[in-house]
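>>> Build me a structure from this.
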Amino acid sequence: MPRPSVDRPLTIGAVLKGLREEFPDVSISKIRFLESEGLISPDRSPSGYRHYRPGDVERLRYILRAQREHFWPLKVIREALDALDRGLTPPMQESGRPGPPQPTTDPDLAEPAGTGGRLRLTAPELAKAAAIDTSLVDTMVGFGMLTPDETGHFDELALRAAHAAGALSAYGIEARHLRMFRTAVDREVGLVEQAVAGRSSKDAAAERAAVARLCLQLHAALLKAGLRGTP
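Residues are numbered from 1 along each chain as shown. Below you'll find the predicted structure:
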């Protein structure tokens with residue numbers, strides 16, 4: 001039986017019909033129970049009918065698989081869903097638990113790649129993803145090289161920085177040696193902001209990205225030129 005299309009909002013009946021292909025015992029009362037526990041939050045129409053989106057359906061599948069294959073209680077499922085909401089991946093490993101993603105790198109450091117996305121890692125999760133000790137995370141926070149958000153979580157940019165710092169430590173370059181990067185970045189941020197000062201908010205965002213890209217290109221070019229011919 002083909003799954004119902006999830007390109008448009010689905011009623012609870014349509015969701016149930018699609019889920020029963022994989023979960024024959026699922027019921028409307030089961031879906032509503034999961035909603036009452038706060039594990040799913042479908043939209044409501046003005047008349048009060050539930051409208052399920054693709055994300056709601058996949059969330060239900062994850063919950064039902066976790067119960068069937070791992071026998072997780074709701075508390076553990078809630079923690080796993082929170083991890084998924086914070087950008088941890090993949091949704092189903094051998095253990096079933098979401099894990100921190102691998103850090104990505106900017107090709108040749110040619111341009112800034114986003115602002116951190118939706119990823120939100122705890123300090124232990126950041127350390128695990130970057131393959132470093134939590135003590136290094138604490139040191140980098142103390143030196144202003146990593147900045148958690150108001151809830152104490154770290155984003156994709158923090159993951160890249162932590163991963164790079166960990167890799168550099170293998171060459172004897174410790175966190176205390178990296179403070180010069182923080183100082184240099186602060187100066188470059190000041191130059192970028194000075195360059196876009198007085199622009200409208202719409203124009204400033206594009207100009208800020210353009211100037212930042214040029215700063216990265218200049219930095220990479222100077223570094224490569226300085227190392228050229230080094231044995």
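>>> Show me which residues of whatever helix or strand Glu79 lives in are buried.
For Glu79, the element it lies in under DSSP states H and E is helix 74-85. By neighbour count on 16 or more other CB atoms under 10 Å, the buried set for helix 74-85 is 77, 80-81, 83-84. All C-beta spots, glycine's among them, are computed from the backbone N, C-alpha and C.
>>> again, but for stretch 55-62
Those would be 56-57, 59-62, for stretch 55-62 by 16+ other CB under 10 Å.
>>> Now tell me what touches it from outside.
Stretch 55-62 is contacted by residues 6, 10, 15, 18-19, 22, 31, 34, 39-42, 80-81, 84, 91-92 when judged by CB atoms under 8 Å, 6 or more residues apart in numbering.
>>> ranges for the helices of this protein?
If you assign secondary structure with DSSP state H, the helices in the chain sit at 12-19, 28-36, 54-65, 74-85, 123-130, 134-142, 156-169, 179-195, 201-227.
>>> Can you add mean pLDDT and distance to Arg97 and give those helices back as CSV?
What follows is the helices of the chain, written out as CSV (pLDDT from 0 to 100; distance: least, CB to CB, whole Å):
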stretch, mean pLDDT, distance to Arg97
helix 12-19, 93, 23
helix 28-36, 95, 19
helix 54-65, 93, 12
helix 74-85, 91, 6
helix 123-130, 93, 11
helix 134-142, 93, 19
helix 156-169, 92, 18
helix 179-195, 88, 34
helix 201-227, 83, 36
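>>> With distance to Gln102 as added columns, please give those helices in a markdown table.
Shown next, in a markdown table, are the helices of the chain (distance: least, CB to CB, whole Å):
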| stretch | distance to Gln102 |
| --- | --- |
| helix 12-19 | 31 |
| helix 28-36 | 31 |
| helix 54-65 | 21 |
| helix 74-85 | 16 |
| helix 123-130 | 7 |
| helix 134-142 | 17 |
| helix 156-169 | 9 |
| helix 179-195 | 22 |
| helix 201-227 | 22 |
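>>> Pro46: which of the ones you listed is closest?
Closest to Pro46 of the helices of the chain is helix 12-19 (CB to CB; 16.8 Å).
>>> Make sure Asp43 is actually in contact with Pro9.
Yes - counting by CB atoms under 8 Å, Asp43 does reach Pro9; the two are 6.8 Å apart.
>>> the more surrounded of those two?
When neighbours are counted by other CB atoms under 10 Å, Asp43 and Pro9 differ, and Pro9 comes out ahead with 17 against 11.
>>> Understood, closing this out.
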